[in-house]
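> structure for the following, please:
(2 chains)
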Amino acid sequence: MKCTRAGLMASMGLAIGLGSWQDVQAQGIPQNIPRQELLILENPEGTIKNAGWFNIWAINAGSQSNGLQQAALDTLWYIDPEKGLEGAWDNSLAAEKPAYNADFTEMRVKLRRGLFWSDGVEFSSADVKATVDIQIQHPGMRFSAVLANNVASVEAPDADTVIFKLKRPNSRFHANFTVRWGAIWILPKHVFEKVEDPLKFDFNRPVSLSAYTLHSWDADGKWYIWQRRDDWQRTSLGRYGKPGPKYLAYVDPGPPDKRVIAQLNHELDVIHDIAPEGMFTLARQSKTTRAWFKGFPYAHPDPTLAGVIFNTQHEYLNNKDVRWALALMIDVKVVAMAAYRGAATISAIAVPPTGVHPEAYHKPLEGWVKEFEIDTGRSRFKPYDPTTGKQIADMLRPSMGDAIPSDPAVIANSFGLGWWRTNLQAAGELLERAGFKRVDGQWMAPDGKPFVLKLMVEGDLRPVMTRAGSMIVQQWKQAGIDARLDVAQGTLITRRSAGDFDAFIGWSVETWGGHNDLSYFMDSWHSTFVAEPGKPQPLRNWQRWQHADLDQIIEETRKIGFDDPRAVELGRDYVKLMVREMPIIPVMAYNVFTAMDQTYWTGFPSSDDRYANPVPNWGNSRYMYVRLKPSN
Amino acid sequence: MTDYLRYLLKRFGQFAFVVFIGVNLAYVITHATPIDPVEQSIAAVTSFGNTSPDAIADMRSSLQELYGLKGGQVAQYAAFWGRVVRGDFGPSLSAFPTPVSSLILRAMPWTIGLLVTSTLIAWVIGNLLGGLAGYYHHNRGLKALGVIAMGLHPVPYYIIALMLLIVFGFVWPVLPISGGAAMNLQPEWSWAFVSSVIRHSTLPALSLILIGLGGWFLGTRSLVSNVITEDYVSYAEIAGVDNGRILISYVMRNALAPQLTGLAMSLGGIFNGAVITEKVFGYPGMGSLLVDAVYAGDYGLVLGVTTVSIVGVSLAVFIIDLLYPLIDPRVQVR
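Model prediction:
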């Protein structure tokens, strides 16, 4: 009895003690900062090892998306993957678009005036010149190689003009100073000119050129708090009005389960990404959470195209018949269900189905794709099925009910248009034409041995892609290929670079999203950059594919301006070539489940109000700040 | 005394040999990893940009130069041992140019604070209750404790951790679920900071104690069950020695000797950090540092953490070896 009473008293004491902590604790929110003035965002880089390092111009030394590139730094231009505040293109530190000479060997930039660093020094062309000169003078800095390769000299004839003299024609040189995710950020000359070795300079505390400045940070790298500058009007973001949150906290909220808990507890306003199941939980349990799409599929499709990337230097995968055969063995509906529980935006062509691309590529080319015919030598058929997106929506409707749209236009926007029909008969005919033989249900390679094909995945580090890869391997196995999953957790980057794979699931196509020019990824696909087997392959042509027609497209693209309408025509030529050759099997956009809690803030970007990419580690997510308003 | 000195020197020789072999193995394994730190760095830098292939080739060369990877294997090995002797593990490749030692020193207090405390608490409570359960083996309450310990012990750690997280972080959200201290509190000897550290470490520590406690409990109960059948315990009981004295002086003292070795090994091993604890609870420490370093191919940092760990475990065993002859008279120094 005595024990029971003592136990009861102890439990009550514990309950009272813990309860009394609750008010002051409030778990993961910063102390001494009013919650109503604070926006808490996830930094997907996690815990920053080198927390006190803010010199972003040194390679890989500290964090980038801890608020540094979103809230404190700035550069000449931004292209938003969506529509942007006043168009996808934004002249940020530059007053106007880049002006090239006729042969693209000179780029002239007019800068905005009246912008100031957070320590009161006025921004000028000298900062831009210093950004280039200092990095060229110090090999090993983040952009040293890029700048040294391109820039013969940089001049600042007056405070608001910069002239880049290029070593060779480059009609896309400005892309280096244009934020997609990041870019070459402008450094403060007045700080760096006093530094002996910029490679060993931590830039702590950072001087800011954008609307926020560092307030405090965790030496263990778990959180960073930024405070709105009193003179926010004197920054490029000031054109769009006063940023809503006075404080921003970029935090490491831990694994996906904890991110969900933190948002349900209203302690994490913006989750960078979670598993589809986490998103469904939030959609079900939280009245205040919203995602890019109001309903299914919720996620924001990044301008990144996930797919099966073949190593075309492989003795059998260098044959387009084999690649097409493997594509025709896939049922993308099942892959979408396995990877994203159906919350995927599929694409049959090698351009991400997001941003401005559906209007420029997917819809205009759909007629061509529908008519595209495969001739196996024994039969001909048209592989494109324009109803695949609708079929995925129909598959989901019984379990998801009203969350699944019924308007065809919305379905196309959310789930994508069509994809390639599964056709094992045609796949077999293509394999046979390539010298393969089917023996007892198993495909034998031309050398008489079973056709072994390993699909490399990243394991737990990228679970959604791993799920997709597992399903594709299963489908290939069912079709008679000795397919195997090759888990390269932690080693994928090294193996991808060395070409040490048969095929992997990932991406080699990344675009601006908000601009139709495809040179962002396509330029590096020129055959001159394809490495010999075993040698490191520079990004992004991981498939090591080369084709004379592609070289021609790239070379012509280099000769025309960024906004030249011809660039889209060349982009369409690229799409057609990719369909014919299938060096990668396009599958879907890389969907990011960014979840935004509206308990404290409203005005987040969404598919209905596409003013910015909501994914909070992107540099252009800064445009959110000026549109956010406190919730009532 | 001369015997003891000889014993000490012999043990020290073994300690130095184990450390040498361990560090060499760590060196070979880290350098045999297929992860190339240069490629990892390039991927991190270029994954969101449109860096031209020409520039990447130059970047690769600069990084190899910067990271000191251009020399031959023998030169790198010699340089490594030169640095280790000076207590310097060189710069971290994934947080260049910050020295590895700075990163370790920053993480170590969290790891030591959490793991030493939770290991000691689990050891004391587990052994105490295990001793009582073994000695008073007819007591129902202690029997029930045994059942609970046996039930908890095999449960995978992450299940316990996630349950605590859900119960105290979501269902009844009274304890912090992430970080080492509240945000925006600067480390200092103030009540606000210290109490915040205690609150933040409550759930990680509780998870470690719950799992650790079962092992110590069952081990000691089993040891005590054997010790109480020894003749000297029976004689003491026949002689009418007080039960409490028998338990403390006759039973527990003998039963604890092997547990002390276990404690030393556990304390020595804490320098690895508690990887899952740190990941699940977002707690700072050396475990996450090590895992991140492995993924980044950061040889220097992996070697730094593993060397500290090797020295920690070996030193703990060495100290216990030195103390054993003093604690347990049955152990001979000759």
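> any weak-confidence spans in the stretch 1-150 of chain B?
B:1, B:47-51, B:71 (pLDDT under 70).
> show me where it has helices.
Ranges of helices in the stretch 1-150 of chain B, per DSSP state H, counting those that start in this stretch, are B:2-32, B:37-46, B:53-66, B:73-85, B:100-135, B:140-152.
> does the shortest one come close to chain A?
Yes: Helix B:37-46 comes into contact with chain A when judged by C-beta under 8 Å from any C-beta of the partner chain, the residues involved being B:Glu39, B:Gln40, B:Ser41, B:Ile42, B:Ala43, B:Ala44, B:Val45, B:Thr46. Bear in mind the C-beta positions are built from the backbone N, C-alpha and C, glycine included.
> closest to B:Ile310 among these?
B:Gln40 (24.6 Å; C-beta to C-beta).
> spit out the contact partners of the closest one.
Contacts for B:Gln40 (C-beta atoms under 8 Å, 6 or more residues apart in numbering or on different chains) come out as A:Ile493, A:Thr494, B:Ser94, B:Tyr295, B:Ala296, B:Gly297.
> now do the strands in the stretch 351-500 of chain A.
A:374-375, A:380-381, A:384-385, A:419-420, A:437-439, A:442-444, A:452-457, A:482-487 (DSSP state E, counting those that start in this stretch).
> most tightly packed of those strands?
Per-stretch averages of neighbours, counted by mean count of other C-beta atoms under 10 Å in any protein chain shown, single out strand A:419-420 among those, with a mean of 27.
> ok, back up a step: B:Gly134: which of the strands of the stretch 351-500 of chain A is closest?
That would be strand A:482-487 among the strands of the stretch 351-500 of chain A, by C-beta to C-beta, at 45.6 Å.
> list the strands paired with that closest one, with their directions.
Here strand A:482-487 is paired, per DSSP bridges, with strand A:452-457 (parallel).
> run through who's touching the partner strand.
Against strand A:452-457 from outside (C-beta under 8 Å, 6+ apart): A:308, A:326, A:465-466, A:469-470, A:472-473, A:476, A:481-488, A:492, A:495-496, A:501-505.
> quick check: mean pLDDT of the helix or strand hosting B:Val317?
Using DSSP states H and E, B:Val317 sits in helix B:299-327. If you average the pLDDT over helix B:299-327, you get 86.
> again with stretch A:172-192
So the average pLDDT for stretch A:172-192 ends up being 95.
> buried residues in that stretch, which are they?
A:172-189, A:191-192 (16 or more other C-beta atoms under 10 Å in any protein chain shown).
> so which of the residues you listed are in strands?
Residues from these lying in strands, with DSSP state E as the criterion: A:Thr178, A:Val179.
> next step: the buried residues of stretch A:172-192 restricted to helices.
A:Lys189, A:Val191, A:Phe192 (DSSP state H).
> of those residues, which is the nearest to B:Phe193?
Relative to B:Phe193, the closest of those is A:Val191; by C-beta to C-beta it sits at 31.3 Å.
> my guess is the closest one meets A:Arg205, correct?
No: contact status for A:Val191 versus A:Arg205: not in contact, 10.3 Å apart, counting by C-beta atoms under 8 Å.
> who touches both of those two?
Here A:Val191 and A:Arg205 share no contacting residue, scored by C-beta under 8 Å, 6+ apart.
> right, and the pair among the contacts of B:Gln40 with maximum separation?
Among these, the pair separated by the greatest distance (C-beta to C-beta) is A:Thr494 and B:Ser94, at 13.7 Å.
> shared neighbours, the two?
Common contacts of A:Thr494 and B:Ser94, defined by C-beta under 8 Å, 6+ apart, comprise B:Gln40, B:Gly297.
> so for those two, which residue has more residues nearby?
B:Ser94 (25 against 21; other C-beta atoms under 10 Å in any protein chain shown).
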